[in-house]
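**Student:** Sequence first, predicted coordinates after that:
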Amino acid sequence: MFLPNKIFFTKGVGTHRAELHSFELALRDAGIEKCNLVQVSSIMPPGCRVISRTEGLRLLKPGSITYCVMSRCASNEPRRLLAASVGCAIPADKTTYGYISEHHAFGQTEKQAGDYAEDLAAAMLASTLGIDFNVDESWDEKKEIFKISEKIVGTRNVTQSSIVKGTDYTTVLAAAVFVFS
């Protein structure tokens, strides 16, 4: 059984006349271009420790199969606002799994996309833990529910946004990268 014990969050942006190349440049900006990335769904393993981007990048080996939850968005439409975000909700009980969400959007600011991704991860974790969670309530009201329930210890997001300049492709990405060590 492969169970990652560490996770880090990263983001990047790239621009090039070819869409694939703009994606490669975004991966380089995020520091994960040297890995064979395998996108996985939204579960953060129990006991998985969040580490810094710097520490996480040091642990990656060129060519390694690297699991991640990734969000990406690309366009070559001039003046188009792009955002890619990964949200995370961590349970207070370290023997319980958490949730990671991915969200990408056109026309959302970095804050809007980040808040939405974080909210999405928290909602998925809350439903698993049996916390009554109304997605239409304000974030402050939901945070209070989490504090009262004492079942969710924290949420976070990593988000990259950019505005397309000219007619070259711009790609934004955000990723939660799993590490085995």
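**Tutor:** That came in fine, so what should we check first? Numbering: from 1, shown residues only.
**Student:** And the longest helix that the chain contains, what does it pack against?
**Tutor:** Assignment by DSSP state H gives helix 110-129 as the longest helix of the chain. Packing contacts for helix 110-129, counted by 3 or more CB pairs under 8 Å, 6 or more residues apart in numbering; DSSP states H and E, involve strand 81-91, strand 98-106, helix 139-149, strand 152-163. C-beta: built from backbone N, CA, C; applies to glycine.
**Student:** and it with strand 98-106, angle?
**Tutor:** Compare the direction of helix 110-129 with that of strand 98-106 by axes from the mean of the first three to the mean of the last three CA atoms, to 10 degrees and you get 150 degrees.
**Student:** Could you shift the numbering so residue one becomes 21, and keep it that way?
**Tutor:** Okay, using 21 as the starting number, the last item reads as helix 130-149.
**Student:** Can you mark which positions in helix 130-149 are buried?
**Tutor:** 130, 132-146, 148-149 (16 or more other CB atoms under 10 Å).
**Student:** The closest residue to residue 59 other than its chain neighbours: neighbouring residues, count only.
**Tutor:** Spatial nearest neighbour of residue 59, excluding adjacent residues (CB to CB, 6 or more residues apart in numbering): residue 90 at 5.4 Å. Neighbours of residue 90 under the rule other CB atoms under 10 Å: 21.
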